[in-house]
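Peer 1: dropping a prediction and its sequence here:
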Amino acid sequence: MATALHSQLSALADRFASAVLEAIRGAPLEELLGDARARPQSSSRARPGARPARGGSSGRLRRRSPDDIAKALEQVHGLLKRKKDGLRAEQIRDELNMQSKEMPRVLAEGLAKRKLRKKGQKRATTYFAA
């Protein structure tokens, strides 16, 4: 009994697969690719107005080497040397045209190496060159 059902299901699956392949082979290429061209590919995590990711299309930044972080820290340190009143992270980011995702690691590295100092808390934090 189970083998009769199994063979009937197998025959139905074979006919279905054959019919699908025949329909695909008979369709024009433009029809097959038409929907893919009409819909733009977008990330569900992307925010309107956000800067494009530098690393790739997934919205993630590329992995930065210690040299990349050191160069970014030198840029931040040089900027803060010129600004005696200090700057908030948002202002540093705007001045150096960086993404907000890049900032925490660079600022933490600067504080750890004592190249930067800070005053305040959370968004009211102001960073200074040490």
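Peer 2: Alright, I've got the coordinates. This structure is a prediction, so every number in the text was calculated from the model and none was measured.

Peer 1: how about stretch 103-118: buried residues?
Peer 2: For stretch 103-118, burial by neighbour count (16 or more other CB atoms under 10 Å) applies to 103, 106-107, 109-110, 116, 118. (Glycine included, C-beta is placed from N, CA and C.)

Peer 1: now, those that are in strands?
Peer 2: 116, 118 (DSSP state E).

Peer 1: R60: which of the buried residues of stretch 103-118 is nearest?
Peer 2: Using CB to CB, the shortest approach to R60 within the buried residues of stretch 103-118 belongs to M103, at 15.4 Å.

Peer 1: in TSV, list the buried residues of stretch 103-118 along with pLDDT.
Peer 2: What follows is those, written out as TSV (pLDDT from 0 to 100):
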residue	pLDDT
M103	93
V106	95
L107	95
E109	95
G110	96
L116	96
K118	96
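
Peer 1: just put the buried residues of stretch 103-118 in a markdown table and tack on distance to P66.
Peer 2: Formatted as a markdown table, the buried residues of stretch 103-118 follow (distance: CB to CB, whole Å):
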| residue | distance to P66 |
| --- | --- |
| M103 | 17 |
| V106 | 12 |
| L107 | 15 |
| E109 | 9 |
| G110 | 13 |
| L116 | 17 |
| K118 | 22 |
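
Peer 1: filter the buried residues of stretch 103-118 down to just the ones in helices.
Peer 2: Counted as lying in helices by DSSP state H, out of the buried residues of stretch 103-118, are 103, 106-107, 109-110.

Peer 1: want to throw the residues you listed into a markdown table with distance to A70?
Peer 2: Output for those, formatted as a markdown table (distance: CB to CB, whole Å):
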| residue | distance to A70 |
| --- | --- |
| M103 | 15 |
| V106 | 9 |
| L107 | 13 |
| E109 | 8 |
| G110 | 10 |
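
Peer 1: longest helix anywhere in the chain?
Peer 2: The chain, longest helix under DSSP H: helix 2-26.

Peer 1: contact partners of it?
Peer 2: If you take CB atoms under 8 Å, 6 or more residues apart in numbering as the criterion, helix 2-26 is touched by L32.

Peer 1: any buried residues in the helix or strand where D67 lies, and which?
Peer 2: For D67, the host element (DSSP states H and E) is helix 66-82. Neighbour-count burial for helix 66-82 flags 69, 72-73, 76-77, 79-80 (criterion: 16+ other CB under 10 Å).
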